[in-house]
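Trainee: return a 3D structure for these sequence lines:
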Amino acid sequence: MTAHDTHPLHGVTLEQILNRLVEHYEWSGLAERIDIRCFKSDPSIKSSLTFLRKTPWAREKVEALYVKLARTKRW
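Mentor: You can find the predicted model right below:
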């Protein structure tokens with residue numbers, strides 16, 4: 001096994017990350033943890049993906065939260 005085979009983001013799409021976070025925290029909990037308007041005002045997967053793909057700092061925060069959750073959930 002290589003190092004990135006064991007990395008929680010390896011082989012996971014941004015959409016899968018977002019879906020798992022919303023499933024776990026719901027939109028309100030996600031908005032509390034990451035202060036992004038697309039999570040607070042009329043949130044949707046599509047609009048959030050569009051924003052996250054264009055905004056590296058926001059994507060990094062989402063990915064970091066996912067990694068933290070993945071380590072505790074052992075996905």
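
Trainee: now do the helices in this structure.
Mentor: Applying DSSP state H to the chain gives helices spanning 14-33, 37-40, 45-54, 56-73.

Trainee: which of those helices sits closest to Pro8?
Mentor: Between Pro8 and the helices of the chain, the shortest gap by CB to CB is with helix 56-73, which sits at 4.0 Å. Any C-beta I mention is one placed from the backbone N, CA and C, and that applies to glycine too.

Trainee: now do the closest one and helix 45-54, the angle between them.
Mentor: Orientation of helix 56-73 against helix 45-54 (axes from the mean of the first three to the mean of the last three CA atoms, to 10 degrees) gives an angle of 110 degrees.

Trainee: off-centre distance for helix 56-73?
Mentor: 6 Å (CA atoms, centre = their mean, to the nearest Å).

Trainee: please identify the buried residues of it?
Mentor: Residues Ala58, Arg59, Lys61, Val62, Glu63, Leu65, Tyr66, Leu69, Ala70 are the ones in helix 56-73 that count as buried (16 or more other CB atoms under 10 Å).
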